[in-house]
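*Asks:* I need the structure of the sequence given here:
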Amino acid sequence: MAEKMYAGKSVSVTDEGYLTDPTQWTREVAIAIAKEEGIELTDKHFAVLEYIREKTLKGEALTIRSIGKSGIVDTKDFYQLFPGAPLKKASRIAGIPKPTSCV
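*Replies:* Below you'll find the model as predicted:
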């Protein structure tokens with residue numbers, strides 16, 4: 001595991017850049033990670049990120065389908081907010097471990 005500086009804060013990350021300790025996450029850390037992904041976060045992004053964090057920290061497994069049924073965004077919007085690999089990018093920005101459904 002490595003240490004990385006985000007928003008002036010040193011956080012522990014995996015080789016793929018996922019936070020190893022979700023308690024180190026802040027909105028500022030999320031903004032810095034999103035910038036690396038080429039994403040500028042909006043209120044809608046943060047609504048999705050907070051939903052992902054809430055569900056994951058409760059021990060629930062996430063899928064693109066479950067996020068699309070969250071009532072926050074539909075699947076199409078999720079792909080637009082986090083283009084390319086939405087669940088991987090959103091999970092990394094949300095400061096949670098990489099979902100097992102992501103390769």
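*Asks:* can you give me the helices in this protein?
*Replies:* For the chain, helices defined by DSSP state H occupy the ranges 27-36, 43-57, 64-68, 75-81, 86-94.
*Asks:* export those helices to JSON lines and tack on distance to Val11 and mean neighbour count?
*Replies:* No exception for glycine: its C-beta is placed from N, CA and C like everyone else's. Shown next, in JSON lines, are these (distance: least, C-beta to C-beta, whole Å; neighbours: other C-beta atoms under 10 Å):
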{"stretch": "helix 27-36", "distance to Val11": "6", "mean neighbour count": "18"}
{"stretch": "helix 43-57", "distance to Val11": "15", "mean neighbour count": "16"}
{"stretch": "helix 64-68", "distance to Val11": "24", "mean neighbour count": "16"}
{"stretch": "helix 75-81", "distance to Val11": "23", "mean neighbour count": "15"}
{"stretch": "helix 86-94", "distance to Val11": "12", "mean neighbour count": "23"}
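*Asks:* how about Lys9: what's its closest non-neighbour residue?
*Replies:* Nearest non-adjacent residue to Lys9, counting by C-beta to C-beta, 6 or more residues apart in numbering: Val29, 6.2 Å away.
*Asks:* what do you get for Val11?
*Replies:* In space, Val11 comes closest to Gln24 once its chain neighbours are excluded; the distance is 4.4 Å by C-beta to C-beta, 6+ apart.
*Asks:* low-confidence ranges, the protein, go.
*Replies:* Across the chain, residues meeting the criterion (pLDDT under 70) sit at 1, 100-103.
*Asks:* still on that earlier bit, state the distance from the residue nearest to Val11 to Ile31.
*Replies:* Distance, Gln24 to Ile31, using C-beta to C-beta, to the nearest Å: 14 Å.
*Asks:* Ala7 is in contact with the residue nearest to Lys9, correct?
*Replies:* Yes. Between Val29 and Ala7 there is a contact at 5.4 Å, judged by C-beta atoms under 8 Å.
*Asks:* for these two, list the residues in contact with both.
*Replies:* With contacts taken as C-beta atoms under 8 Å, 6 or more residues apart in numbering, Val29 and Ala7 have no neighbour in common.
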